[in-house]
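J.: Provided below are the primary sequence and the corresponding predicted coordinates.
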Amino acid sequence: MAHISKVKNLPVMPDKEMDRMYMQRCLDLAGKGLGNTAPNPMVGCVIVADGKIIGEGYHRVFGGSHAEANAIDSVKNKKLLESSSLYVSLEPCSHQGKTPPCSTLIRTHSIPEVIIGCRDPNELVAGKGISELKKYGVKIRYGIMEKESRELNRRFITFHEMKRPYIILKWAQTGDGFMDRRRDTGKSHGINWITGKHARQWAHKWRSEEQAILVGTNTAAIDDPQLTVRDWDGRHPLRLVIDMKGRLSPRLKLFDGSTPTMVFTGKPKKERKNLEFVKVPPGKELLQFILAYLYSIDIQSLIVEGGARLLNSFIESGSWDEARVFSAETDFGKGLEAPLLHQDPLEKIPLHRGVLRIYRKKQN
């Protein structure tokens with residue numbers, strides 16, 4: 001168990017620095033749940049008594065024990081809890097869900113102080129956990145590393161505050177700005193690879209971290225992608241495809257029944273194993289319908305992998321949060337133009353014979 005050593009002649013660390021150190025540990029722990037906790041948030045918890053960490057835990061998987069419960073359970077001498085401070089990256093819940101309320105657990109063990117990273121935007125919590133703990137005399141401090149706490153749970157927070165999934169756009173382009181050579185659905189099937197195996201591994205890792213993945217009709221028909229996690233360990237995302245006219249072949253890999261797949265269409269077909277058709281009502285704006293539907297079924301994050309028309313639709317409507325763009329040294333000379341983001345990337349990551357650019361949508 002990690003602890004703060006008591007060494008003579010060392011300066012005493014200011015309270016604010018101690019708070020940040022313990023909260024950073026909460027965030028580090030919480031991040032271990034990425035890809036496994038949705039639709040719950042990622043939460044980490046550290047319990048401190050007499051300058052030492054006596055317990056820690058995080059929310060490991062949806063339906064499992066919450067971070068506070070795991071941290072409390074890890075404390076060997078429960079008597080120490082009565083003089084401890086509990087650090088947690090997100091406001092403790094106060095309602096009965098798949099597990100008992102964490103606010104009740106904290107009170108049951110007579111923990112006198114709780115330090116919170118940020119409030120929970122979920123309407124079931126939204127300040128109620130803080131109010132309940134205060135009501136029973138627990139000392140509360142919150143807003144410690146609030147920005148970092150919200151950043152970690154940006155999927156969860158976007159879902160509850162904006163009533164839609166957190167949207168990640170992803171594509172690869174050549175050095176001269178093309179996503180693909182010019183093709184049609186009648187010939188030249190399969191993917192024209194622009195990037196190499198390391199970029200594909202990144203892409204599969206990202207798939208394992210998000211709840212759903214979406215492609216358009218032409219991408220499904222021409223590239224015949226699987227949209228599963230193969231070059232990384234992790235869960236497959238829910239596969240989504242748009243097929244408004246019902247023209248996609250049932251022999252595509254997307255329809256192999258290996259993992260749940262959903263088709264947004266104007267012409268539903270007979271459902272079969274792991275394949276569901278969602279009818280888009282006439283006159284409905286397609287993207288907004290899809291996002292509202294995903295919100296209704298608790299999908300908190302969506303990665304959009306193409307094609308160019310679909311990606312541009314998200315960009316033009318302002319319905320995106322993050323973009324991950326691989327740029328390779330390869331040139332096509334002509335072809336299908338890649339989308340344009342009229343802003344500077346937040347980060348540039350050098351790759352073998354290329355670069356990965358990470359963008360975050362500018363807030364108005």
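T.: Sure, I can see it. Numbers count the residues shown, from 1 in each chain.

J.: which residues touch His342?
T.: With contact set as C-beta atoms under 8 Å, 6 or more residues apart in numbering, His342 has no partners. C-beta coordinates here come from the backbone N, C-alpha and C atoms, glycine included.

J.: Can you say which helix or strand has it in it?
T.: Here His342 is covered by no helix or strand, with elements defined by DSSP states H and E.

J.: and it, what pLDDT?
T.: Note for His342: predicted pLDDT of 90.

J.: And for Ala126?
T.: Residue-level confidence at Ala126 comes out at 84, pLDDT.

J.: Any figure for the gap between it and Leu90?
T.: To Leu90, Ala126 is 12 Å away according to C-beta to C-beta, to the nearest Å.

J.: Low-confidence bits of the stretch 151-300 of the chain, can you list those?
T.: Along the stretch 151-300 of the chain, the model assigns pLDDT under 70 to residues 183-194.

J.: Please say which of Ala126 and Leu90 ends up with more neighbours.
T.: Remark: of Ala126 and Leu90, Leu90 carries more neighbours, 34 against 15, as counted by other C-beta atoms under 10 Å.

J.: Look up how far Gly57 lies from the residue nearest to that one when sequence neighbours are not counted.
T.: Closest residue to Leu90 apart from its sequence neighbours, by C-beta to C-beta, 6 or more residues apart in numbering: Val43 at 4.8 Å. For Val43, the distance to Gly57 under the criterion C-beta to C-beta works out to 9 Å.

J.: Now do the shared contacts for those two.
T.: Counting by C-beta under 8 Å, 6+ apart, the residues touching both Val43 and Gly57 are 67-68.

J.: Between those two, point out the one with more neighbours.
T.: When Val43 and Gly57 are compared for neighbours, Val43 comes out ahead with 32 against 24, by other C-beta under 10 Å.

J.: My guess is that one contacts Ser65. True?
T.: No. The criterion here is C-beta atoms under 8 Å, and Val43 misses it with Ser65 at 10.8 Å.

J.: Assign the residue nearest to Gly246 when sequence neighbours are not counted to helix, strand or coil.
T.: Taking C-beta to C-beta, 6+ apart as the measure, Gly246 lies nearest to Lys267, with 3.6 Å between them; neighbours along the chain are not counted. Assigned with DSSP: H, G, I helix; E, B strand; the rest coil, Lys267 falls in the coil class.

J.: Could I get the contacting residues of Lys267?
T.: Lys267 makes contact with 244-246, according to C-beta under 8 Å, 6+ apart.

J.: What helix or strand is the nearest residue to Glu271 once chain neighbours are set aside located in?
T.: Residue nearest to Glu271 in three dimensions, not counting chain neighbours: Phe277, with 6.0 Å by C-beta to C-beta, 6+ apart. Taking DSSP H and E as the definition, Phe277 sits inside strand 275-279.

J.: so what secondary structure elements neighbour that strand?
T.: In this structure, strand 275-279 packs against strand 261-265, with contacts taken as 3 or more C-beta pairs under 8 Å, 6 or more residues apart in numbering; DSSP states H and E.
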